[in-house]
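In: Structure for the following, please:
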Amino acid sequence: MKRRDFIAATAGALTLAGCAAPLSIEGGFTGIDVARGHALRDGALKNAAPTTVRRTRVVIAGGGVAGLAAARALRLSGIDDFVLLELEDSAGGNSRGGMVEGIACPLGAHYLPVPGDDASEVQDLLEELGLRKRVSGRWEYDERNLCHSPQERLFFQGEWQEGLLPVHGVTESTLAQYRLFASRVEALQRKTRFAIPMAKIAATPEMLALDAVSFAAWLDPEGLVDAHLRWYLDYCCRDDYGAGLAHVSAWAGIHYFASRHGFHAPGDDSGERDAVLTWPEGNAWLARRLVAPLGDRIKVAHAVTRIAESRSGVEVDAFDAATKTMVRWEAERCIVALPVFIAARVVENPPAVLRNAAANVRYAPWLVANMHLRAPLADNGHGAAPSWDNLVYGTPGLGYVDARHQTLDPTPAPTVLSWYRPLGPSASDTDDGRKLLLERPWSGWRDDLLTELSVPHPDLPALTTRIDITRYGHAMAMPTPGLLTQLGAAQRRERIVSGRLAFAHADWSGYSIFEEAFTRGHFAGLDS
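Out: You can find the predicted model right below:
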């Protein structure tokens, strides 16, 4: 369904649900201090002189997952003399969480797939946190933290179906296309190695050939043209990379499946599907446990404005938003756990490897809306049961997750639904997503959300009391065609070091997931 047709078909949904309902819903933008970030971008803080000089052994610039992993690695190495500087009012980057009307919810990433053996550093973290333990010689995960069933459902052709791949009422031709794509993924898995994290594998000619073209351009000559298959693959790309299949590389599109569980056509019961770990607050559950041991070594609301190597070490200048003063930190080393476009701005005389990465990495803007419901939604009584992840076919959003899905209390109660909307380029979206994200009022996103989700849930507007929206102008790196080749050897190194600076961020992998960020931060911390 085209966006124009979707909007026309659902224009009356809000009126049917109660036209006054949207006007009574409270809310606004939250989670990100846009003005603080733009002051850094525009250079307003660049020339401010430091009023205080402090000394430490290591400075970590950036408190996302990579920076927090670096801090943990320092502690494991016996190094406690360090400071972590974070721009926002809480650490965690895309893995932060919040509360709406007392109910925990994610502000970004909301799950972590059970990691494979290549992600041994993440496995060690989960063991440390009590999520993973060996029982009778086998690794087991805490069932309370694994996603409860039912896990996923899709609103398709007027009713809910289990899973996110359209299957109810599709033709045999569509099913044949599913099987064909599954066989191509399996063949590529046999031919080349796909793994997470990227830093642990070598680039193969097959991988770089896939990197050179868009996913859409690769699908065409393969004869994979079915509309339902293409919609699903486009959804997967927007979900993991923030952009549609015409704008990410074929390597990224295949990697989505081949690095984990493959692609399984209906009726294919071979192999186990990957389980995921999730919490009401999403991956903030993990981020907060990484933050907890740091104490006053973590400095939030600190905008790093300058990183420079000196004769004896490193100077890091940071604007303290609380005191409105500039602080200079003198250290032996600095771990630059910042997105590469920011790192290239604040590092004086940036090395060629950083300049190259900043010139080639593009970012997808994102929006996360958390809506408080005074009572659970009524379901239509047929089709798949309410699930953790709930997607509506043919919509620009990525559906919603239910914050109460993991609860063991079956009593109906208020809840929070988290709705995700990527604003990177897609086949049907040519707007400047970042400009739209910043300029559009909260009420516009509110109406989009209610219109989209009122199709399966006509009672949604009447039950919604509040909607808090978090905007990410540069949410994640997009694996555009050619990016792996452009990043070159840096993308395939566990350690990216230049002089006294160690670089750590998921950007260096060319796409953004917890495992990539954590692993790169871990090794940067070990090097310091």
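
In: burial count for the spatially closest residue to L233 that is not a sequence neighbour?
Out: Nearest non-adjacent residue to L233, counting by Cβ to Cβ, 6 or more residues apart in numbering: L245, 5.4 Å away. From N, CA and C alone the C-beta is placed, and that goes for glycine too. The tally of other residues near L245 (other Cβ atoms under 10 Å) stands at 27.

In: So that it lines up with my notes, have the first residue be 54 from now on.
Out: New numbering, starting at 54: the last item is L298.

In: List the residue ranges of the protein that fall below the pLDDT cut-off.
Out: Along the chain, segments meeting pLDDT under 70 span 54-76, 92-95, 97, 322-326, 433-434, 479-484, 581.

In: Of all residues in it, which one is nearest the centre?
Out: Nearest to the geometric centre of the chain sits A162, at 4.7 Å (Cα atoms, centre = their mean).

In: these two touch, right, that residue and L339?
Out: No: look at A162 against L339 with Cβ atoms under 8 Å: they stay out of range, at 9.2 Å.

In: between those two, what contacts are shared?
Out: The contact sets of A162 and L339 overlap at S148, F567 (Cβ atoms under 8 Å, 6 or more residues apart in numbering).

In: which one's the longest strand in this structure?
Out: Counting by DSSP state E, the longest strand found in the chain is strand 517-531.

In: Give me the packing partners of it, helices and strands only.
Out: For strand 517-531, the packing partners by 3 or more Cβ pairs under 8 Å, 6 or more residues apart in numbering; DSSP states H and E come out as strand 79-82, helix 87-94, strand 150-153, strand 415-426, helix 486-492, helix 495-506.

In: Tabulate the ones you listed (CSV), appending mean neighbour count and distance to A466.
Out: Shown next, in CSV, are the helices and strands packed on strand 517-531 (neighbours: other Cβ atoms under 10 Å; distance: least, Cβ to Cβ, whole Å):
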stretch, mean neighbour count, distance to A466
strand 79-82, 14, 20
helix 87-94, 14, 33
strand 150-153, 22, 14
strand 415-426, 24, 10
helix 486-492, 16, 32
helix 495-506, 20, 20
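
In: nearest to A311, of those?
Out: Nearest to A311 among the helices and strands packed on strand 517-531 is strand 415-426 (21.5 Å), distances taken as Cβ to Cβ.

In: Following the chain onward from the closest one, which element is next?
Out: Downstream of strand 415-426, the next assigned helix or strand under DSSP states H and E is strand 442-445.

In: Just checking: what are the partner strands of that following strand?
Out: strand 205-209 (parallel), strand 453-455 (antiparallel) (DSSP bridges).

In: By neighbour count, which bits of it are buried? Give me those.
Out: The neighbour-count check on strand 442-445 (16 or more other Cβ atoms under 10 Å) flags D442, N443, L444, V445 as buried.

In: Among the residues you listed, which one sits closest to E154?
Out: Nearest to E154, judged by Cβ to Cβ, of those is N443 at 20.4 Å.

In: host element of G120?
Out: Assigned by DSSP H and E, G120 belongs to helix 118-129.

In: hmm, who's touching that helix?
Out: Against helix 118-129 from outside (Cβ under 8 Å, 6+ apart): 111, 113-114, 133, 135, 137, 139, 144-148, 174, 178, 336, 339-340, 343-344, 346-347, 350-351, 388, 390, 557-559, 567, 570-579, 581.

In: Now, of those, which are buried?
Out: Buried subset of those (neighbour count, 16+ other Cβ under 10 Å): 111, 113-114, 135, 137, 139, 144-148, 174, 178, 336, 339-340, 343-344, 347, 350-351, 388, 390, 557-559, 567, 570-579, 581.

In: Please list the members of those that lie in strands.
Out: The members of the buried ones among the contacts of helix 118-129 that map onto strands under DSSP E are V111, I113, A114, F135, L137, I351, I388.

In: And for the nearest residue to H163 once chain neighbours are set aside, the neighbour number?
Out: Excluding its sequence neighbours, the residue lying closest to H163 (Cβ to Cβ, 6+ apart) is G335, at 3.5 Å. Per other Cβ under 10 Å, the neighbour tally for G335 reads 28.

In: list the buried ones in stretch 314-333?
Out: Within stretch 314-333, the residues scored as buried using 16+ other Cβ under 10 Å are G315, F316, H317, A318, A328, V329, L330, T331, W332, P333.

In: residue contacts, H527?
Out: H527 makes contacts with P392, F394, Y416, P418, R487, as judged by Cβ under 8 Å, 6+ apart.

In: tell me which residues in the helix ranked longest in the chain are buried?
Out: Looking across the chain with DSSP state H, the single longest helix is helix 225-244. By 16+ other Cβ under 10 Å, the buried positions in helix 225-244 come out as 227-228, 230-235, 237-239, 241-242.

In: May I have the next helix or strand after it exported as CSV, CA atoms only?
Out: Per DSSP H and E, the first helix or strand lying C-terminal to helix 225-244 is helix 258-264. This file holds the C-alpha atoms of helix 258-264, laid out as CSV (Å, rounded to 0.1, in the frame of the first residue of the first chain):
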residue,chain,number,x,y,z
PRO,A,258,35.5,-10.9,-2.3
GLU,A,259,31.9,-12.1,-2.0
MET,A,260,31.3,-9.7,0.9
LEU,A,261,32.8,-6.7,-0.9
ALA,A,262,30.8,-7.6,-4.1
LEU,A,263,27.6,-7.5,-2.1
ASP,A,264,28.7,-4.2,-0.5
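
In: outside of helix 258-264, which residues touch it?
Out: Contacts to helix 258-264, defined as Cβ under 8 Å, 6+ apart, come from residues 241, 244-245, 247, 271, 302-304, 307, 534-538.

In: make it 10 Å
Out: Residues from elsewhere that reach helix 258-264, judged by Cβ atoms under 10 Å, 6 or more residues apart in numbering: 241, 244-247, 251, 254, 256-257, 271, 302-308, 311, 532-540, 563.

In: Sort out which of these are buried, if you could.
Out: For these, a burial check counting by 16+ other Cβ under 10 Å picks out 241, 245-247, 251, 254, 256, 271, 302-308, 311, 532-540, 563.

In: and stretch 274-290, how far from the chain's centre?
Out: Distance, stretch centre to chain centre, for stretch 274-290: 22 Å (Cα atoms, centre = their mean, to the nearest Å).

In: For it, buried residues please.
Out: L277, D279, H281, L282, R283, W284, Y285, L286, D287, Y288, C289, C290.

In: so of those residues, which ones are in helices?
Out: Within the buried residues of stretch 274-290, residues falling in helices by DSSP H are H281, L282, R283, W284, Y285, L286, D287, Y288, C289, C290.

In: Check the spacing between the last one and G535 real quick.
Out: In other words, C290. Distance, C290 to G535, using Cβ to Cβ, to the nearest Å: 16 Å.

In: what's the answer for the second one, then?
Out: The spacing between L282 and G535, counted by Cβ to Cβ, is 25 Å.
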